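K.L.:
could you look at this predicted model? Sequence included:
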Amino acid sequence: MMKKLISLFLLSCFLFSCGQENQEKQMEGFIQQRLKLTHTYNHRPAFGAQVTKNGCKLIIEVEGSTDYRFVDNTGQSTMLPLNLLLLNAGKKIVIIKIFPRDGEEYITKYANASVTIFRAADKDTSLSEYQKIAEFNLPQGLEEQKLPYYEAKLMIDVDVPFTYDQELATSINLKNVPNIEQKIVEKYEKLRQLCINLDQIGFLKELIHTAGHFSNVLYNNTYSEIKKSTEKTMGVVDNDPRILHREFIPIENYTIQYYANGKIAALWQKNLRPMLYMKAHIKNDEGEERDIEGGDRIFLYMPQGSNALKVW
């Protein structure tokens, strides 16, 4: 009996070792694939948006591109790498959208928001050398107007070296695709199942275009930079053993939003949060559990010559 137990133990160790080795091999393959998508630029300007908001929800959208969302009901203050929303060089309109918090019909007197856009000559420029190029502050007294939504626009001129607008120009207008809503939902459901199964490699393969895009616009084009960023961006498919009782909300009760003149689409919850969204518990070192939740923003497009949606 003891020999059988030892044999089973050694077999399980062998299988675990093989599985881990295969996982590492596949991850290395993903990194190499991502490296092939990167470009080296001598000119590397970085644009950032310092976002601070309280008592409201805030969305930043670059016209003709996608958006970034600060839609928790809590206060937030962070520096967003605006390069993630830029497609090419030229004048850009940055649209700032303000919404009430959950449970509020209008923007209240407690709403406070500001967005300051900076430019740095290079990605390695120190923060002290960032130059302010535009600024927005939410006007006071809006509560008297009983506004369910407030919008402002900033004009900026960017000199980035990448040209992702060319790829979008040749992609398919999703609004003209038959049964596009069904196709979008099916794609999101596929991604949701990969998350439920904690299939990191499968999920990362779906996001290969996104990964290459991020590497280029953030100028992270070396092996070490890509490997490091891959380790830090597991998001909703993170297999951290401290995360317990995972639950991914169903792909329903959504709104569809189109971007870039119909070339990009995304599903969002009614509360403006991502549709690919997880609720779970996380256990600390003392064994105590607390609730956590969050989602990944997923934008879809259909490349030229394809009839399948891919993650932008």
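P.N.:
Thanks, I have the structure now.

K.L.:
can you read off the pLDDT for the nearest residue to residue 294 once chain neighbours are set aside?
P.N.:
Among residues not flanking residue 294 along the chain, residue 278 sits closest, at 6.4 Å (C-beta to C-beta, 6 or more residues apart in numbering). Glycine gets a C-beta too; all of them are placed from N, C-alpha and C. Among the per-residue scores, residue 278 holds a pLDDT of 96.

K.L.:
pull up the pairing partners for the helix or strand hosting residue 278, direction included.
P.N.:
The secondary structure element spanning residue 278 is strand 276-283 (assigned by DSSP states H and E). In its sheet, strand 276-283 lies beside strand 243-248 (antiparallel), strand 289-296 (antiparallel), with partners assigned from DSSP bridges.

K.L.:
which residues touch the first one?
P.N.:
By C-beta atoms under 8 Å, 6 or more residues apart in numbering, the list of residues contacting strand 243-248 from outside reads 192, 195-196, 236, 276-283, 289, 292.

K.L.:
swap in stretch 100-114?
P.N.:
Outside stretch 100-114, the residues within contact range by C-beta under 8 Å, 6+ apart are 50-58, 73, 96, 98-99, 135-138, 142-143, 146-150, 271.

K.L.:
cool, and stretch 191-202?
P.N.:
With C-beta under 8 Å, 6+ apart as the contact definition, stretch 191-202 has outside contacts at 23, 26-27, 30, 203, 206, 234, 236-237, 239, 246, 248, 251, 276, 278, 298, 311.

K.L.:
show me what contacts residue 267?
P.N.:
Under the criterion of C-beta under 8 Å, 6+ apart, the neighbours of residue 267 are 184, 185, 188, 251, 254, 255, 256, 257, 275, 298.

K.L.:
could I get the full set of strands for the stretch 201-312 of the chain?
P.N.:
With DSSP state E, counting those that start in this stretch as the criterion, the stretch 201-312 of the chain has strands at 243-248, 254-259, 264-269, 276-283, 289-296, 300-301, 310-311.

K.L.:
just give me how far the third one sits from the chain centre.
P.N.:
Counting by C-alpha atoms, centre = their mean, to the nearest Å, strand 264-269 is centred 12 Å from the centre of its parent chain.

K.L.:
could you give the mean pLDDT of that strand?
P.N.:
Throughout strand 264-269, pLDDT has a mean value of 98.

K.L.:
return the set of buried residues in that strand.
P.N.:
Neighbour-count burial for strand 264-269, counted by 16 or more other C-beta atoms under 10 Å, picks out 264, 265, 266, 267, 268, 269.

K.L.:
looking at these, which is nearest residue 89?
P.N.:
Within those, the smallest distance to residue 89 is 19.6 Å, found for residue 264 (C-beta to C-beta).

K.L.:
so who does that closest one touch?
P.N.:
Residue 264 makes contacts with 66, 168, 174, 258, 299, 300, 301, 312, as judged by C-beta under 8 Å, 6+ apart.

K.L.:
can you pull out the low-pLDDT segments for the stretch 151-300 of the chain?
P.N.:
By pLDDT under 70, the weakly predicted segments of the stretch 151-300 of the chain are 232-234.

K.L.:
now the helices for it?
P.N.:
For the stretch 151-300 of the chain, helices defined by DSSP state H, counting those that start in this stretch occupy the ranges 164-170, 180-196, 200-206, 208-217, 223-232.

K.L.:
distance to residue 112 and mean neighbour count added to the ones you listed, as a markdown table?
P.N.:
A markdown table is the format used below for the helices of the stretch 151-300 of the chain (distance: least, C-beta to C-beta, whole Å; neighbours: other C-beta atoms under 10 Å):
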| stretch | distance to residue 112 | mean neighbour count |
| --- | --- | --- |
| helix 164-170 | 34 | 14 |
| helix 180-196 | 34 | 17 |
| helix 200-206 | 37 | 18 |
| helix 208-217 | 30 | 20 |
| helix 223-232 | 31 | 14 |
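
K.L.:
of all those helices, which one comes closest to residue 77?
P.N.:
Relative to residue 77, the nearest member of the helices of the stretch 151-300 of the chain by C-beta to C-beta is helix 223-232, separated by 20.7 Å.

K.L.:
so what touches the closest one?
P.N.:
Outside helix 223-232, the residues that touch it by C-beta under 8 Å, 6+ apart are 27, 30, 31, 34, 35, 38, 204, 211, 214, 215, 220.
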